[in-house]
Every structure is written in structure tokens, then in C-alpha cells.
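Undergrad: below are the sequence and a predicted model for it; my questions follow.
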Amino acid sequence: MGDTEAVLVLDETGFVKKGIKSVGVQRQYSGTAGRIENCQIGVFLGYASRHGHALIDRALYLPEVWANDPARRGAAGVPENTAFATKPQLGRQMLARAFAACVPCRWVTGDSIYGADYALRRCIEEGGRGYVLAVTSRQRLGFKTVSDWLEDVPADGWQRLSAGEGAKGPRLYDWAYLPCGWLEAASGWHKGLLIRRKLAHPELFTFYLTLAPEGIGLSDLVRVAGMRWTIEACFEAAKGEVGLDQYEVRSWTGWHRHITLAMLAHAYLAVIRHAADGEKRRGRSHGRSLAAHRTRSAAPAVASGLGPTAGS
């Protein structure tokens, strides 16, 4: 599924658990449940290209109460050299591994937890990739918050574009882009602010900080922003099809073994699906070519009176 235009996607998912002995478990917010639950949190790196999407890296979030409790760490088999790391720090580690492995990609996207982290944005910039990273309305950009920059968008500065196909068709929003030429960027690159407005609720906005090669248009940035939802599809499929969340292990090693094998199974299915879709497309193309060939072959026969007639 490799593609030089692919997008790396950062996100996390929760694994609801009972008790206090499963490694990394505590009462914490789970976006999966939409509330505070007793759960583990895994941070994941997804890969999304025109050929499909899959999960390619993972890290278990170890809360500070776990990181600072030697007895609890020892019982769960947490390696001694494992220190507390925030979710953005775990994300940076996974991005660094992907860049070092020369994973073909051009972009990185993620939600506001990752977009707000300057060090993560810097990591992407130094890796020679662009980003479209969500931030909260309180994120500062220059001397103002990103929400304050709305006043700089002209009335005709909005374009209605699709962020990709959803379950109910194109995900249409109004989009605006403000270039930030005064922000430092490498030669051939530019930074900006991408703003998304909901059609049904025009008072609701989502903001993205962007880093893009010169010449990239608004539709390209919107496409990358829309790729963030592919990792949600990965979580849903991996939990539903290969049991990503179906485990009873408690240890650090057990968690990583189960998650890694589930990711491998999910990636295998994604590749098989892509190959099957390719066979279908080739089959349809061959069928059209064969029909066209038959039409061309029959035409001279009909013209010469050798083909079937209206009365035959």
C-alpha cells in the first residue's frame, strides 16, 4: 500500500478494563467511550494512502502514577528503562521510527493533542514532511489565538469542499486558509492556518496548523485533513475483525505481543482487500475491452451483409 503521497495519522484508543493490575490501567478519559473510564490507552500510528489504510506502530501510554511506582511496574513487567512519556512524546517516537525506516509518505495529521505540541511539529518539519494538525481554538498563532484569526477571513474566502467520502456520502464543509508567511519555514515550504466550518452549524469551527510545500492548494490540505478519519476506521475494523481489544493479558510484554499480532492480521487483511479490489477493477476493464473488441469485429460483418439481420 506504499505511496509517496501517503499520510501518517496519529491517534489513540482506549481499552476498558476491570481492576488495577493490567499494565497502565487507571481511571482516565477514553475517546472511545467518550467519558472517563477505568482503561488502558494505546497511542497508534496509522498509514493511509490511495491504496488503503492500516496501523503500523503502537505504544502503550503509561500514566505517571504507574511510571513512579516501582512495585507496580515490576509486577507488570515494565522494562526498567521505560520512563513516563506524554502522548505527543510517544507520537514523536513513532514518527521518528517511521522516518528512519523510510516509510513512503508526504504528510502527517492528527488531533489537537498532537497538533498543540511544538516539538512534534518540529520533528515532522525536520523529517522533511508536511503536516495538517488540528489544534484547539485557544492555540496561539503569533500574537493572537487561532479563533481570533477568523476576523481576517474575507466573506468570499470560504470554499465548499469534501474531506472525503463518509458513510452518508461526501463529508462537505466550508474551508478557508490563511497563509502565515511570517512564520519561519524551510526553503520551499510555507506555514498557514486551515479553518473548517460546519454547514449545519456555521458557528462551529475546527482549526489546523499546516506545513506544506509551495504550490500545494487548499484542496490538497483538505484531503490530508480528511485522512485523519482513516485511523478511526482502522480501530473499528481491528477491534471488530481481528480482536484488537479482545485480550486478558496484564503484563507489558503480553499487551505488546497481542496488539502487534492484531495489527499484523489487520494489515494483512487490508492488503488482501486492496489486491482483491485490483482484480475486480482489472476484470471490469478486461470485460469492457472485450466488449469493445467484439463490437469492432462485428461492425464490418454487419456492414457487408454477413452479420445478423433484423429478420434473422
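TA: Done, it's in.

Undergrad: that's a strand at residue 247, yeah?
TA: No: checked against DSSP: H, G, I helix; E, B strand; the rest coil, residue 247 lies outside a strand; its state is coil.

Undergrad: so where does the closest residue to it other than its chain neighbours fall, helix or strand?
TA: Leaving aside its chain neighbours, residue 247 sits nearest to residue 258 (4.5 Å; criterion: CB to CB, 6 or more residues apart in numbering). In this view, the C-beta of every residue, glycine as well, is placed from N, C-alpha and C. In the assignment (DSSP states H and E), residue 258 maps to helix 252-303.

Undergrad: need the mean per-residue confidence for that helix.
TA: The average pLDDT within helix 252-303 is 75.

Undergrad: and stretch 60-75, by the same measure?
TA: On average, the pLDDT along stretch 60-75 is 96.

Undergrad: dump it to PDB, restricted to CA.
TA: Extracted in PDB, the C-alpha atoms of stretch 60-75 (Å, rounded to 0.1, in the frame of the first residue of the first chain):
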ATOM      1  CA  LEU A  60       1.100   1.900  25.500                       C
ATOM      2  CA  TYR A  61       0.600   5.100  27.400                       C
ATOM      3  CA  LEU A  62       2.000   4.600  30.900                       C
ATOM      4  CA  PRO A  63       0.500   7.200  33.400                       C
ATOM      5  CA  GLU A  64       2.700   8.900  35.800                       C
ATOM      6  CA  VAL A  65       1.300   7.000  38.800                       C
ATOM      7  CA  TRP A  66       2.500   3.800  37.100                       C
ATOM      8  CA  ALA A  67       5.800   5.300  35.900                       C
ATOM      9  CA  ASN A  68       6.600   6.300  39.500                       C
ATOM     10  CA  ASP A  69       5.600   3.100  41.200                       C
ATOM     11  CA  PRO A  70       8.500   0.600  41.100                       C
ATOM     12  CA  ALA A  71       6.500  -2.200  42.700                       C
ATOM     13  CA  ARG A  72       3.600  -1.900  40.300                       C
ATOM     14  CA  ARG A  73       5.900  -1.600  37.300                       C
ATOM     15  CA  GLY A  74       7.800  -4.700  38.400                       C
ATOM     16  CA  ALA A  75       4.700  -6.800  38.800                       C
END
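
Undergrad: any buried residues in it, and which?
TA: Buried positions in stretch 60-75, judged by neighbour count with 16 or more other CB atoms under 10 Å: 60-63, 66-67, 73.

Undergrad: again, but for stretch 4-19
TA: Judged by neighbour count using 16+ other CB under 10 Å, the buried positions of stretch 4-19 are 6-15, 17.

Undergrad: got it, and stretch 207-218?
TA: Neighbour-count burial for stretch 207-218 [16+ other CB under 10 Å]: 207-212, 216.

Undergrad: how about residues contacting that stretch?
TA: Contacts to stretch 207-218, defined as CB atoms under 8 Å, 6 or more residues apart in numbering, come from residues 115, 121, 124-125, 130-137, 139, 141, 146-147, 159, 161, 175, 177, 185, 188-196, 220-221, 225.

Undergrad: next one: stretch 68-84
TA: Contacts of stretch 68-84 (CB under 8 Å, 6+ apart): 21-24, 62-64, 66-67, 250-254.

Undergrad: off-centre distance for it?
TA: Taking CA atoms, centre = their mean, to the nearest Å, one finds the center of stretch 68-84 at 31 Å from the center of the full chain.

Undergrad: quick check, residue 192 in a strand?
TA: Yes: Residue 192 forms part of a strand when assessed by three-state DSSP.

Undergrad: what number of residues lie near it?
TA: Residue 192 has 22 neighbours, counted by other CB atoms under 10 Å.

Undergrad: pretty sure residue 18 is touching residue 37, no?
TA: No: in this structure residue 18 lies outside contact range of residue 37 using CB atoms under 8 Å: 10.5 Å.

Undergrad: identify the residue nearest residue 245 in space, chain neighbours excluded?
TA: Closest residue in space to residue 245, ignoring its immediate chain neighbours: residue 239 at 4.7 Å, by CB to CB, 6+ apart.

Undergrad: now residue 162
TA: residue 170 (3.7 Å).

Undergrad: checking my notes, that neighbour in a strand, right?
TA: Yes: checked against three-state DSSP, residue 170 lies within a strand.

Undergrad: when you give positions from now on, start the count at 23
TA: Right, with 23 as the first residue, what we last looked at is residue 192.

Undergrad: distance of it from residue 244?
TA: For residue 192, the distance to residue 244 (CB to CB, to the nearest Å) stands at 11 Å.

Undergrad: before we move on, the earlier item: now do the residue nearest to residue 267 against residue 291, distance only.
TA: 13 Å.

Undergrad: need the residues touching each of the two.
TA: Residues touching both residue 261 and residue 291 (CB under 8 Å, 6+ apart): none.
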